[in-house]
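Chemist: return atomic coordinates for the entry below.
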Amino acid sequence: MRLNPSVRHALAEAVATLNDAASASDVCTVAEGVFVPLAEFERRGVQPGIAIRALEDTKMLQRAAAGGPPTVSRQIRDESVIGLILAPAHVEGLDQSLFAPAGLTTHVPATAQRRGH
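Modeler: Presented below is the predicted three-dimensional model:
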């Protein structure tokens, strides 16, 4: 199954902000993968529900617990931010040895190596 083109484009733009040290983006790497706030999709004109469904359908999400909800909350700059964890195997340019193995092959183009905020 292919990722919805508008979701893929929004996700690629959001993940690319990992390379911008001056970015106001809350996208960051976490132990499980890449945390992408739902607001990053909204900012790019994609409804979060559509993004969640598309990423679930393509098995690109890393869930905290099997059968758990697709969204997670992270503290970023003293604020609770709701988002998704993208499995690191789907982001080109990440050092996969820093993450738990995911083993899937659909990729979002990026050359990100920055770890967290």
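Chemist: strands paired with the lowest-mean-pLDDT helix or strand in the chain, and their directions?
Modeler: Of all helical and strand segments in the chain, the minimum by mean pLDDT, DSSP states H and E falls on strand 28-30, at a mean of 87. Strand 28-30 has the following strand partners under DSSP bridges: strand 33-37 (antiparallel).
Chemist: what pLDDT, on average, does the strand it pairs with get?
Modeler: Along strand 33-37, the predicted confidence averages to a pLDDT of 93.
Chemist: just give me how far that strand sits from the chain centre.
Modeler: On the basis of Cα atoms, centre = their mean, to the nearest Å, the separation between the geometric centre of strand 33-37 and that of its chain is 4 Å.
Chemist: cool, and stretch 61-75?
Modeler: Mean C-alpha position of stretch 61-75 versus that of the full chain (Cα atoms, centre = their mean) differs by 11 Å.
Chemist: list the buried residues in that stretch.
Modeler: Neighbour-count burial for stretch 61-75, counted by 16 or more other Cβ atoms under 10 Å, picks out 61-63, 70-72, 74. Where you see a C-beta, it was placed from the backbone N, CA and C, and this is true even at glycine.
Chemist: name the residues that touch the strand ranked longest in the chain?
Modeler: Secondary structure assigned by DSSP state E gives strand 79-86 as the longest strand of the chain. Taking contacts as Cβ atoms under 8 Å, 6 or more residues apart in numbering, the residues outside strand 79-86 that touch it are 11, 15, 26, 30, 32-40, 51-52, 55, 60-64, 70-75, 108.
Chemist: again, only using 6 Å
Modeler: By Cβ atoms under 6 Å, 6 or more residues apart in numbering, the residues outside strand 79-86 that reach it are 26, 32-38, 60-62, 71-74.
Chemist: average pLDDT for it?
Modeler: 94.
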